[in-house]
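1. Pasted the sequence and its predicted model underneath.
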Amino acid sequence: MQVSDEHFRGRTVIAADGQAIGEVDTLLLDTSAWNIISLQIKLSKSAAEQLGAARSLLRAATLELPVRMVQSVGDAVLLSVPTLDLRQLLPDAASQ
C-alpha cells in the first residue's frame with residue numbers, strides 16, 4: 001500500500017495520558033533504508049508550555065518524535081508515552 005506524507009501531516013498527536021499535544025508537521029526519513037525514523041510534531045501552545053519547549057512569537061515549538069514512541073496511527077497518531085515523558089526529547093533536556 002502506498003501512502004503519501006500528505007495523509008499524515010496535520011493529524012492530531014495524542015500522548016498515552018490522553019492529552020492532544022499537537023499535530024504532525026513532517027516525516028523524517030532515513031534515505032539509506034527508506035524508513036520513517038521520526039515525526040516532527042508542531043506542539044500546541046499548552047503542550048509546549050507544559051514541556052518547557054522553546055517557541056517564538058511567530059513559530060510554534062516543535063519536537064522530533066522517534067517512531068518507536070508511536071503506538072498506532074489512524075485518524076490520530078497515538079503515542080505509547082505520556083506527555084511529561086516527552087521532555088527527554090527536547091534539545092536542552094541534557095542540561096536540565
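-> Looks like it arrived, so ask away.

2. Quick one: the helices in this structure, in order.
-> 45-51 (DSSP state H).

3. how about low-confidence regions in it?
-> Low-confidence segments of the chain (pLDDT under 70): 1, 57-58, 92-96.

4. what are the ranges of the strands in it?
-> 12-14, 20-30, 35-43, 62-66, 70-73, 77-79 (DSSP state E).

5. of all those strands, which lies closest to Arg55?
-> strand 35-43 (7.5 Å; Cβ to Cβ). C-beta here means a position set from N, CA and C on the backbone, and glycine is covered the same way.

6. now the angle from the closest one to strand 20-30?
-> Put simply, strand 35-43 runs at 150 degrees to strand 20-30, going by axes from the mean of the first three to the mean of the last three Cα atoms, to 10 degrees.

7. Show me what strand 35-43 is packed up against.
-> The contact analysis (3 or more Cβ pairs under 8 Å, 6 or more residues apart in numbering; DSSP states H and E) places strand 35-43 against strand 20-30, strand 62-66.
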